[in-house]
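Colleague: Structure of the sequence below:
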Amino acid sequence: MGRRFSSVLVILLVAVCQTAAATTFTAEITDQDGKPVANAVVSLVPDPLSGMPGASTRLSNEQHIDQRLETFLPLVTIVPRNGRVIFANSDQTTHQVYSFSPVKQFEITLARGASSPPIVFPNPGVAALGCNIHDNMIAYVFVADSPWTALTGPDGRAVIDDVPPGTYRAQVWHHRYPLRRELPSARIAVSTDTTQWAANIRVLAQTGSRSHAGSY
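Modeller: I've put the predicted structure just below:
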């Protein structure tokens, strides 16, 4: 009995130590004017890459995108590789959702009040979404390889909990980042304490047109 109790105690102590060693990583993303950047995707990719678990171990495998007032909600959705997205139409008109992106190509028609079957996104990257009926509608699905991926809020902050200590490449993606430019990234040492990272990125001004032909 004593030996069994000791073994259980050792297992519990190891679990507690592993939990305590995890870090809360906070990224603060601002633009060229020092203003917070919302809807930026922040990812931590470990070095070496071979030690990275699948993104689905932390990210939800299924997300929902609604259509209201001829707008996709939310603007940016994160799913892991092979994650699914269900589209709903809460408008009083028909929508035709499509993506021509290499990451995922599809086209579906949604009558008012209808929902789609789950659409699977098997490849990492960004899929830009549009509506063939309403050209002003646009949204993005970010298909993540890293389980440590999060979206910034209106304050420009993204918080990723339970990051194991180590060396990572922090990467930022934003839908208004200039095309064909290398995405911002930095080498980050994540310690057992709370780790913070501030990044300033240059984004394009928001225009009246939301067309995304050829963007992703």
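Colleague: What's opposite the residue positioned nearest the centre of the chain in the beta bridge?
Modeller: What sits nearest the mean C-alpha location of the chain, by C-alpha atoms, centre = their mean, is residue 78, with 3.5 Å. For residue 78, the beta-bridge partners under DSSP bridges are residue 142.
Colleague: Look at it and report its pLDDT.
Modeller: pLDDT recorded at residue 78 is 98.
Colleague: Assess the claim that it and residue 147 are in contact.
Modeller: No: between residue 78 and residue 147 there is no contact under C-beta atoms under 8 Å: 10.9 Å. From N, CA and C alone the C-beta is placed, and that goes for glycine too.
Colleague: overlap in contacts of the two?
Modeller: residue 59 (C-beta atoms under 8 Å, 6 or more residues apart in numbering).
Colleague: Run the chain-centre distance for stretch 146-159.
Modeller: 8 Å (C-alpha atoms, centre = their mean, to the nearest Å).
Colleague: do stretch 27-42 as well
Modeller: That offset, for stretch 27-42, works out to 14 Å (C-alpha atoms, centre = their mean).
Colleague: any idea of the mean pLDDT in it?
Modeller: Rounded mean pLDDT across stretch 27-42 is 97.
Colleague: From one end of it to the other, what's the distance?
Modeller: 7 Å (C-alpha to C-alpha, to the nearest Å).
Colleague: picking that back up, tell me the contacts of the residue nearest to the centre of the chain?
Modeller: Taking C-beta under 8 Å, 6+ apart, one finds 41, 59, 63, 141, 142, 144, 149, 150, 151 in contact with residue 78.
Colleague: Could you work out the most separated pair of those residues?
Modeller: Greatest spatial distance among the contacts of residue 78 (C-beta to C-beta): 141 and 150, at 15.2 Å.
Colleague: mind checking pLDDT for the residue lying closest to residue 204 once chain neighbours are set aside?
Modeller: Excluding the flanking residues, the one nearest residue 204 by C-beta to C-beta, 6 or more residues apart in numbering is residue 176, at 4.6 Å. pLDDT recorded at residue 176 is 94.
Colleague: and residue 176, which of the three is it?
Modeller: When classified by DSSP: H, G, I helix; E, B strand; the rest coil, residue 176 comes out as coil.
Colleague: And for residue 44?
Modeller: Quick answer, by three-state DSSP: residue 44 is strand.
Colleague: How much space separates it from residue 90?
Modeller: Distance of residue 44 to residue 90, given as C-beta to C-beta, to the nearest Å: 34 Å.
Colleague: When the two are compared, which one has more neighbours?
Modeller: Neighbour count, other C-beta atoms under 10 Å: between residue 44 and residue 90, residue 44 has more, with 24 against 14.
Colleague: any idea how the chain splits into domains?
Modeller: 1-52+148-207, 54-145 (automatic domain parsing).
Colleague: mean pLDDT for those domains: which is lowest?
Modeller: domain 1-52+148-207 (a mean of 83).
Colleague: and the residue nearest to residue 72 when sequence neighbours are not counted, what does it touch?
Modeller: Distances taken as C-beta to C-beta, 6+ apart put residue 139 closest to residue 72, at 3.4 Å, once the chain neighbours are dropped. Counting by C-beta under 8 Å, 6+ apart, residue 139 touches 65, 72, 74, 75, 76, 77, 128, 129.
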